[in-house]
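how would this look folded up:
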Amino acid sequence: MLRNRVVFGAHTANMAEDGLPGPRHVGYYEERARGGAAMIVVEPVPVHQAAVLTRGNFRPGDDAIIEPFKAVTQAIQRHGALAIQQLYHIGSHGDSDLSYHPHWSPSGMPSYHDSDGSHAMSEAEIEETIDGFVQAARRAQASGFDGVEVWAAYHGFVDQFWTPWSNRREDKWGGSLENRTRVSREILTRIRALCGDDFIIGLAVNDEPDVEVALQKRDLAEIIRLHDEQQLMDYVTCGSGSYFDFYKIIPTFQYPEKLGVDLASTLKKVVKHALVTAESHIRTPDNAETVIGEGSADLVSIVRGQIADPHLVNKAAEGRPEDVRGCLSCNQMCWGRRSRDYWISCLINPSAGREFEWGGDRFTPAARPRRVFVVGGGPAGLEAARAAAERGHRVVLAEASDKLGGNFRLAGLQPRRAQITDLIDWYERQLTKLQVEVRLNTYVEAADITAEQADVVILATGSVAPDTGFQKAFPQLDTMPGWERGNAVSIEAVMARQARPGKRVLLLDEAGGWRGCGTAWKLAEDGHEVTLLTPDPMVGRELQRTAADGPLRRTLAKLGVTFVLESSILEWHGNGATVISHLDGSRRFIEADTLVTATTNMAADWLARELREVGLPFVEIGDGAAPRQAPYAIYEGRKAALAI
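Have a look, this model is predicted:
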């Protein structure tokens, strides 16, 4: 019996060590069970060596995983949640670097994960893979899991058999619907026979309306009806995207919310036995309430929302949704870290993946409350102040401007990024509840620190854009030639409305992230003619890891933004720039009324230097220590608070 309708759905946390679950896994999943999730679907175990996709995957085909997994299932179940394990095989879309095995698929079609081709399976290999699923289910049951979820989504192994484009077989495994679904029906039937009627069996599918060869809703409805009529699964989970269009699998804020709901609603009309779970970009309790209230699904899977706030369910149940720390749909530390094959974390919840070290997303009261003075109200200072106050310390937060948030607030003013300003509002509410004294319009100098007589001083003074136009492409030049001619400003000045760019804007983006790309989007939306120039071979290079770059480039192109790649600025003339290609050394002049730069910031560390000179102790965090992205600022803020 489920205690509510919220699932913490499957995703690759990539936390295994030597292929085994350990304390990091236990802490991660236990925190979400403690936080109120009714059912937790633990990250997938590959059912065969051909299915290994990450170095943090669990060992396939090895009973050695059983004992370590017992610690995971017991941690989940002792908090009242059901524990399910997902079983997966990616078919043709494998990773030879990690599997050292040919990609196995129905008909030898190419991989959409890498540049490899795949091996068309023999009937013996199909049987071997089916048994791999069954044996993985056996291990899951022996580990204490309440059930398994068979991954048939995103054009993975099972979906490749279902899909005529990828299944061109002429034997009993291909052709008719009955033949194409034989693999999945055999997997589910054999798991049921081995594990019994009380063992939960789920099936994960996906919606991919934008790819012609992918299964459409009507096709999936027919397939799921067939499986449901034979009562082969207890529930079906509906996600979005596929290996054909990976961007929608873990959609960023560029996509609408509740992407999996349309398919869930379609399948709910055809099933008579299985429950239907809606997944994909269901970010908040309000989203969940809407989906359930409309009758579109029986359950909702909130994944990134519960990574960001593992206590989301309990907070909503207690009538305090305003205390939920809302996911930004940024993918920076969840998919962004996983895409680089690290274990996942979260931009706004650095305890994610560190629960076993930091005690979860909760705070142990300090043995001796102290007076803490935090300088700077950007993300590092906000988190340091909040976490210190949560531990019982008396906290004062001083911010030089009239608003909290620092440069992070400017990011929230870019198109579709208002979730960032929502987060800053959340911080303001939390600081008020925790009785943190917030002093705005307060510029702090060393003498003020002395007068404050704080026990602990935390400097989170942020960073500033260099007023030089320095480019990493020309390290010998401290200042861009022609910078002094004017009409050249930073993206911070633009987003803060301290500068008014002319009609034609040349935006130099050396970072390849949201600072430059998001500002280009904003300027183009506001009617400016934007040329985005980068030394990189693509616009949004740093956004590849978050699955945000493709949709962004499409948006910029539709807005008329011109891309100039693998180039830098030789000289700014006040009315345009001489640009050089890094490929062939050719030069050209680009007319522009204003040059906007997104280059590396400089630490605003003058207060730290001043305190060092007078010998006052302090802790330095965030961009004030070194300009970086927001996840590291928030991480350092929480870490500093935990150390007091």
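
Identify the residue spatially nearest to Gly637, adjacent ones excluded.
The spatial neighbour of Gly637 that comes closest, neighbours along the chain excluded (Cβ to Cβ, 6 or more residues apart in numbering), is Glu383 at 3.1 Å. Any C-beta I mention is one placed from the backbone N, CA and C, and that applies to glycine too.

Likewise for Gln471?
What sits nearest to Gln471 in space, not counting adjacent residues and going by Cβ to Cβ, 6+ apart, is Ser568, at 5.4 Å.

what secondary structure does that neighbour sit in?
strand (DSSP: H, G, I helix; E, B strand; the rest coil).

residues in contact with it?
Ser568 sits next to Gln471, Ala473, Phe474, Leu508, Leu533, Pro535, Val579, Ile580, His582 when contact means Cβ atoms under 8 Å, 6 or more residues apart in numbering.

Now go through those and say which are in strands.
Judged by DSSP state E, the subset of the contacts of Ser568 located in strands is Leu508, Leu533, Val579, Ile580.

Can you name the element that comes right after the host helix or strand of Glu67?
Assessed by DSSP states H and E, Glu67 sits inside helix 66-77. Heading C-terminal from helix 66-77, the first helix or strand you meet, by DSSP H and E, is strand 82-88.

Against which helices or strands is that next one packed?
Applying 3 or more Cβ pairs under 8 Å, 6 or more residues apart in numbering; DSSP states H and E, we find strand 82-88 packed against strand 39-46, helix 66-77, helix 123-142, strand 147-151, strand 200-207.

Need the residues that contact the fourth one.
With contact meaning Cβ under 8 Å, 6+ apart, strand 147-151 is reached by 10, 41, 44, 82, 84-89, 133, 136-137, 140, 157-158, 184, 187-188, 191, 195, 199-204, 233-234, 237.

relative to helix 123-142, how tilted is that strand?
Inter-element angle recorded for strand 147-151 and helix 123-142: 150 degrees (by axes from the mean of the first three to the mean of the last three Cα atoms, to 10 degrees).

May I ask which of the ones in strands among the contacts of Ser568 has the most neighbours?
Within the ones in strands among the contacts of Ser568, neighbour counts (other Cβ atoms under 10 Å) peak at Leu508, which reaches 28 neighbours.

ok, that residue touching Leu595?
Yes - taking Cβ atoms under 8 Å as the definition, Leu508 is a contact partner of Leu595 at 6.7 Å.

Identify the contacts common to those two.
Common contacts of Leu508 and Leu595 (Cβ under 8 Å, 6+ apart): Gly469, Ile569.

thinking again about what came up before, widest-spaced pair of the ones in strands among the contacts of Ser568?
Across the ones in strands among the contacts of Ser568, no pair lies farther apart than Leu508 and Ile580, at 12.5 Å, counting by Cβ to Cβ.

circling back: of the contacts of strand 147-151, buried ones?
Buried members of those, counted by 16 or more other Cβ atoms under 10 Å: 10, 41, 44, 82, 84-89, 133, 136-137, 140, 157-158, 184, 187-188, 191, 195, 199-204, 233-234, 237.

Run through who's touching the helix or strand harbouring Thr277.
If you go by DSSP H and E, Thr277 is part of strand 275-278. Residues from elsewhere that reach strand 275-278, judged by Cβ under 8 Å, 6+ apart: 7, 9, 202, 234-238, 258, 260-261, 264, 267-268, 291, 296-301.

Point out the ones among these that are inside strands.
Taking DSSP E as the definition of strands, the contacts of strand 275-278 contribute Val7, Gly202, Tyr235, Val236, Thr237, Cys238, Leu299, Val300, Ser301.

By neighbour count, which of those residues wins?
Thr237 (32 neighbours).

In this structure that one contacts Ile201, no?
No - at 11.9 Å, Thr237 does not count as touching Ile201 under the criterion of Cβ under 8 Å.

Please parse this structure into its domains.
Domain segmentation of the chain under automatic domain parsing yields 8-358, 371-464+603-642, 483-600.
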